[in-house]
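In: Could you look at this predicted model? Sequence included:
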There are 2 protein chains.
Amino acid sequence: MTEFAVHHVPTRRRAGRPPQALLSSARITKAALKLVSHHGYKGLTMAALAKSLNVAPSALYNHVSSKQDVLLLVEDHLMGRVEVCAFATEPWDAAVAKWARSYRDVFAAHLPLIPVIALLPVTNAPATVTMYEAVTQGFLAAGWARESIIDAVVALESFIYGSAYDVNAPEDIFDVGSLASEAPDFSAAVAHRGNPDAAAAIPRNDADAAFTLGLQAMIAGLAATAGPRK
Amino acid sequence: MTEFAVHHVPTRRRAGRPPQALLSSARITKAALKLVSHHGYKGLTMAALAKSLNVAPSALYNHVSSKQDVLLLVEDHLMGRVEVCAFATEPWDAAVAKWARSYRDVFAAHLPLIPVIALLPVTNAPATVTMYEAVTQGFLAAGWARESIIDAVVALESFIYGSAYDVNAPEDIFDVGSLASEAPDFSAAVAHRGNPDAAAAIPRNDADAAFTLGLQAMIAGLAATAGPRK
DNA sequence: TAATCTAAATGAACGACATTCATTTAGTGA
DNA sequence: TCACTAAATGAATGTCGTTCATTTAGATTA
């Protein structure tokens, strides 16, 4: 490349601490999110992240201790997009439904984060804690006993994570192929999923149908089993 | 082990097709399972798998097309361990509960397979298809309408996958650390999870409690919403 | 003010790991 | 008998996360 040409060549920065810090947790998070939205999680590599920030890969390690750490930053940022406002305005069951759906929608677009959320402590994840606080308050306001809330929330979250995967399942996930003859009842159930008639080709979002069914069932069941005494 | 040398010298095999095939899908599956049970999924590398089969890594690619393929083999094998026998002998809700619990237990020990199960078509996964057939028959026998079964099973599976993650969550996953002051209600709910008294230190499996609660809720809810007309 | 410490960058290097390819050898079918 | 295919070896490749010595600049302290 040209070194010190007249036209603004991407000036090669020399080694050493720059006058102005180039990186920060916030900048790394933002760049990671942009990278993911453009190229998916396979495009989120430490090298690509560094490049998008115009920095050497090793520079990232002054601000995060590992790639997992980057994922945690992204996860916590996304938790802020989960809608909890309904807990302040709507009845418990409607609020839970709204919260659960937005939760699922956010992470259906970020599947690789699910192991991170499900397995890492919430310490140092402020947005995540804020989300849980709002949900807890919603349960308390509806009359739930303190000791039952976390179990109920965990049960709901388990369903939400699994449903986020299901959103990304291919349409033909239940195609039995050559094994059809050995699973006639299952094949028939798959063929008639959602409509009793013969294959009438009704447009239908299978993942949404299963999610709605399961969510309604769990909300009703939780209210009956562990909800507030009437 | 020893060929026909007196002292078991690891006889170096020369290149070329051996008189007896060394590999097969079944042998690869078995070796992968043994590797995983001894060293976990981080120990399941193509190199380690090849070594455990006393073969060069590249030899594996004559039998599987990728590591994903190996995971699929393992997944289908494990599906055979999911208990479906209760569908033939017990009432629907008890059978579903038994099936769900064994399903969760099997894959809680094999978390990295969950994306594989949740996202890959069941074609060429005979044990998986067999499992679904038994479950479908159980629903039909209980009077479920053909068109509702798959949605209900998918909803249950979503909950099961999420619950499998929860089994592996660390105890302190809800430790808010320094953020406690900003989430008082949530912190209190975490502290009193499972028992109304002050921290009485009752021995308790949190993951099991949440699973049982959610499972009962969903089973009851599904029966009421989409189950057979009485 | 000078010396020291720490923060934040570069760039080279490393070690896993999955995968590919040329090559070799042994059965199989025409 | 001859071509073809199946199944192995071994070398090589490319991607990726991570580490480390080094450099520079700001912050702290004597």
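Out: Alright, I've got the coordinates.
In: CA atoms for contacts and neighbours, from now on please.
Out: Noted.
In: What residues does chain A have near DNA strand D?
Out: Chain A has residues A:14-20, A:42-47, A:57-58, A:61, A:65-68 near DNA strand D, with proximity defined as Cα under 7 Å from any atom of the strand.
In: where's the residue most central in space within chain A, which helix or strand?
Out: By Cα atoms, centre = their mean, the mean C-alpha position of chain A lies nearest to residue A:107, the distance being 1.8 Å. With elements delineated by DSSP states H and E, residue A:107 resides in helix A:92-108, which encompasses its position.
In: Just want the angle from the longest helix seen in chain A to helix A:92-108.
Out: Determined from DSSP state H, the single longest helix within chain A is helix A:146-167. Regarding helix A:146-167 and helix A:92-108, their directions subtend 40 degrees when assessed with axes from the mean of the first three to the mean of the last three Cα atoms, to 10 degrees.
In: Helix A:146-167 packs against which elements?
Out: Contact analysis of helix A:146-167 by 3 or more Cα pairs under 8 Å, 6 or more residues apart in numbering or on different chains; DSSP states H and E lists helix A:92-108, helix A:126-141, helix A:206-225, helix B:114-119, helix B:146-167, helix B:184-191, helix B:206-225 as its packing neighbours.
In: Pull that helix out as CSV, backbone CA atoms only.
Out: Listed in CSV are the C-alpha atoms of helix A:146-167, where the atom choice follows Å, rounded to 0.1, in the frame of the first residue of the first chain:
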residue,chain,number,x,y,z
ARG,A,146,-42.8,-15.0,46.8
GLU,A,147,-41.6,-18.6,47.0
SER,A,148,-43.4,-19.8,43.9
ILE,A,149,-42.4,-17.0,41.5
ILE,A,150,-38.9,-18.1,40.4
ASP,A,151,-40.0,-21.7,39.7
ALA,A,152,-42.8,-20.4,37.5
VAL,A,153,-40.6,-18.0,35.7
VAL,A,154,-38.0,-20.7,35.1
ALA,A,155,-40.7,-23.0,33.7
LEU,A,156,-41.9,-20.3,31.4
GLU,A,157,-38.4,-19.5,30.2
SER,A,158,-37.6,-23.1,29.5
PHE,A,159,-40.6,-23.2,27.2
ILE,A,160,-39.5,-19.9,25.6
TYR,A,161,-36.0,-21.1,24.9
GLY,A,162,-37.2,-24.3,23.3
SER,A,163,-39.8,-22.3,21.3
ALA,A,164,-37.1,-20.0,20.0
TYR,A,165,-35.3,-23.0,18.5
ASP,A,166,-38.6,-24.2,17.0
VAL,A,167,-39.0,-20.9,15.2
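In: What mean pLDDT does that helix get?
Out: Along helix A:146-167, the predicted local confidence has a mean pLDDT of 98.
In: Could I get the contacting residues of residue A:126?
Out: Counting by Cα atoms under 8 Å, 6 or more residues apart in numbering or on different chains, residue A:126 makes contact with A:76, B:179.
In: Quickly note the distance from it to DNA strand D.
Out: Counting by Cα to the nearest atom of the strand, to the nearest Å, the gap between residue A:126 and DNA strand D amounts to 22 Å.
In: Same check on residue A:172?
Out: Distance, residue A:172 to DNA strand D, using Cα to the nearest atom of the strand: 28 Å.
In: residue contacts, that residue?
Out: By Cα under 8 Å, 6+ apart, the contact set of residue A:172 is residue B:121.
In: For it, what are phi and psi?
Out: The phi/psi pair for residue A:172 (degrees, to the nearest 10) reads phi -90, psi 20.
In: Report pLDDT for it.
Out: The per-residue pLDDT reported for residue A:172 equals 95.
In: again with residue A:177
Out: According to the model's per-residue confidence, residue A:177 sits at a pLDDT of 89.
In: That one contacts residue B:123, doesn't it?
Out: Yes: using Cα atoms under 8 Å, residue A:177 is in contact with residue B:123, at 5.4 Å.
In: contacting residues for residue A:60?
Out: A:23, A:46, A:50.
In: Next one: it from residue A:46, what distance?
Out: For residue A:60, the distance to residue A:46 under the criterion Cα to Cα, to the nearest Å works out to 8 Å.
In: Now residue A:24: closest residue in space, sequence neighbours ignored.
Out: In space, not counting the residues next to it along the chain, residue A:24 is nearest to residue A:63; the distance is 6.6 Å by Cα to Cα, 6 or more residues apart in numbering or on different chains.
In: for residue A:49, that is, sorry about that
Out: With Cα to Cα, 6+ apart as the measure, residue A:32 is the residue that lies nearest to residue A:49, at 6.3 Å, once sequence neighbours are left out.
In: Check whether the one you found really touches residue A:43, as I assumed.
Out: No: counting by Cα under 8 Å, residue A:43 is not a contact partner of residue A:32; they are 9.5 Å apart.
In: which one of those two has more residues nearby?
Out: Applying other Cα atoms under 10 Å in any protein chain shown to residue A:32 and residue A:43 shows that residue A:32 carries more neighbours, namely 26 against 15.
In: how far away is that one from DNA strand D?
Out: According to Cα to the nearest atom of the strand, residue A:32 stands 11 Å off from DNA strand D.
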